[in-house]
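Novice: Sequence plus predicted model, see below.
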Amino acid sequence: MTQRVFDGHNDVLLRLWQRDRTGKRFLEGGDEGHVDLLRARRGGLKGGIFATFVPDPPRAPPERRPGGTNGPVDAPLHGSLSRERALDVTLAQLAVAFRVERTSGGEVRICRTPAEVAAANAAGAFAMMLHLEGAEAIGPELDELEVLYAAGVRSLGIVWSRPTIFGHGVPFRFPSTPDIGDGLTERGVALVKACNGLGIMVDVSHLNEKGFWDVVRVSDAPIVATHSNAHVICPVSRNLTDAQMDAIRDTEGLVGLNFATFFLREDGQRAAETPLSVMTRHLDHLLEKLGPRGVALGSDFDGALVPAAITDASGLPNLVAAMAMAGYGEDLIDAITYRNWLDVIGRTQRIAAEPSGTAASPGG
Ligand SMILES: [Zn+2]
């Protein structure tokens, strides 16, 4: 039987918004990108956290990721976005998700809770949980957050690698510490508290280090990095230091292993011929720092170059085989590939439901 997988991060909605807003290509399959329903079935992918992401406006450099495959990388920090454009694009990408659900004949469900994911999977349906990668669509009063929550968003990255009214994203640099730039703004602190109150998971994957420690100080909920790796192995600014992982562990949070070779390899190269043993090295380190409940997958499918040994969602069993080869038992593998995400989402939502006076307050 193929191992079940619930994945913590993909950019499928971005690809569909760019290429096929009907979502047909997701339902019917094709060679494009990394994830569609057919390849998900072949790979055991039962669902995941689907990000909305607003690319830089056309006048800026066209590539989402900094280019070049050789030598040190020092990409400039991306410019900030207008809220109007961010909200337009975010709603358009969410619309693609809802269109996919509506036209899927029950095969895809947008899920808001771990129980809904479990129920969808039990019925043989694919589970999508919605995420905002960067909060540029949200204004200072946080009204958009309330509406996006009502639309099903249950996970949010305060920033992508860009400055916003909430904080400062970490630029892509290799080799580099993640300690680049200032921490959260007052509005960023309010956003974290509002997410805590609503039970929206707060994702620190694109946050710089000062912002990270601000989230640790402010948040009541488990802290997650949906798609980041170990800085001690691959010293890119987007990865987490051991001290950051210790802090995540203290919140009973979680780190999702990013499959992007740029965040995996010691030499920081983008190279498809990256062995899966590099991924299990990161997993070993994450497990050592975070424990068996604090590690999961965050593929970055459709947003990054992944090892050829995986290629796309249908190749997930190869990663599972590499984990078994590395000595991971069945129960640990199931925790990493499936259960841990649902558990941490559940913990986040339960904390929000507790009558502790941290209920969502209007913005400001
Ligand atoms: Zn990302």
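Specialist: Perfect, I can see it now.
Novice: So Phe151 sits against Glu144, correct?
Specialist: One correction, residue 151 is Ala, not Phe. No - taking contacts as C-beta atoms under 8 Å, Ala151 lies outside contact range of Glu144: 10.1 Å. Quick note: C-beta positions are derived from backbone N, CA and C, even for glycine.
Novice: Show me where the stretch 101-250 of the chain has its helices.
Specialist: 114-122, 143-150, 186-198, 209-218, 242-250 (DSSP state H, counting those that start in this stretch).
Novice: Which helix or strand in the protein has the lowest average pLDDT?
Specialist: Of all helical and strand segments in the chain, the minimum by mean pLDDT, DSSP states H and E falls on strand 73-74, at a mean of 77.
Novice: quick one: contacts of it?
Specialist: 66, 171-174, 176, 236, 262, 268 (C-beta atoms under 8 Å, 6 or more residues apart in numbering).
Novice: So which one of those is the model least confident about?
Specialist: Checking pLDDT across these, the minimum falls on Pro66 at 50.
Novice: For Leu332, which non-adjacent residue is closest in space?
Specialist: Take Leu332 and drop its neighbours on the chain: the residue closest to it by C-beta to C-beta, 6 or more residues apart in numbering is Pro292, 5.7 Å away.
Novice: and what of Thr261?
Specialist: Thr274 (4.4 Å).
Novice: and what of Phe301?
Specialist: Excluding the flanking residues, the one nearest Phe301 by C-beta to C-beta, 6+ apart is His34, at 3.7 Å.
Novice: Touching, that neighbour and Ala313? I think so.
Specialist: Yes - using C-beta under 8 Å, His34 is in contact with Ala313, at 5.9 Å.
Novice: and the nearest residue to Ile138 once chain neighbours are set aside, how far is that from Ala135?
Specialist: With C-beta to C-beta, 6+ apart as the criterion, Ile138 has its nearest non-adjacent residue at 4.4 Å, and that residue is Glu144. Applying C-beta to C-beta, to the nearest Å, the value for Glu144 to Ala135 is 9 Å.
Novice: Those two: which is more packed in?
Specialist: Between Glu144 and Ala135, Ala135 has the larger neighbour count (other C-beta atoms under 10 Å), namely 27 against 21.
Novice: And the pLDDT for the more buried one?
Specialist: 97.
Novice: isn't it right up against Val153?
Specialist: No - checked against C-beta under 8 Å, the pair Ala135 and Val153 is beyond contact range at 10.3 Å.
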